[in-house]
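K.L.:
Sequence first, then the predicted structure, then my questions.
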Amino acid sequence: MAPVTGTAVDLDAVPDPVFSKGLVGPGMAVEPERTAGRAVSPITGTIVKLHPHAFVVVGDDGRGVLVHLGIDTVQLRGEGFETLAAEGDRVGAGQPVVAWDPARVAAGGRSPVCAVVALDAPAEAVTTLARGPVRAGDGLFRWAWAP
């Protein structure tokens, strides 16, 4: 599911080669609306890693999805982000995990684009479901591969 409302774009549009070249894994990205809001969990599962700017949720099937809110946002050291959950929490798909303001990220000269990555998946396992406008919670991509 899309973690934020905005415009779904291919991962190769992300201005960071780690994401755009699929080095972390295949997926999609969302260019978010420039309004403060909440990033939601893209799947039901357990939060195994949570930073203010990024989080990983692992589903019961063992598949992990990374949501990275903006590029180079780790440099903000949490400023402008508020975690709404904790590592180890069980979350439902669509449940808020982080509050943030993409306009504030952009005003600081960083891209607020949100990468959504299927961790440890082969590229052919991900099928795009959305292009263009999406709302948080809309289908973004399908992951057909099972570990």
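P.N.:
Here it is on my side, so go on.
K.L.:
Show me the strands in this protein, by range?
P.N.:
In the chain, the strands defined using DSSP state E lie at 6-10, 27-32, 37-40, 45-51, 54-58, 64-69, 81-83, 90-91, 96-100, 114-118, 126-128, 132-134, 141-143.
K.L.:
Tell me which residues are up against the helix ranked longest in the chain.
P.N.:
Looking across the chain with DSSP state H, the single longest helix is helix 102-107. Contact with helix 102-107 is made by 4, 6, 32-37, 69-70, 73, 76, 80, 111-112, as judged by C-beta atoms under 8 Å, 6 or more residues apart in numbering. Where C-beta positions appear, they are placed from N, C-alpha and C, glycine not excepted.
K.L.:
could you redo the last one with a cut-off of 7 Å?
P.N.:
For helix 102-107, the surrounding residues in contact (C-beta atoms under 7 Å, 6 or more residues apart in numbering) are Pro32, Glu33, Arg34, Thr35, Gly70, Thr73, Gly80, Pro112.
K.L.:
can you put those in TSV and add distance to Leu119 and pLDDT?
P.N.:
Listed next are those as TSV, based on distance: C-beta to C-beta, whole Å; pLDDT from 0 to 100:
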residue	distance to Leu119	pLDDT
Pro32	21	98
Glu33	26	96
Arg34	28	95
Thr35	28	93
Gly70	19	96
Thr73	19	91
Gly80	25	90
Pro112	22	97
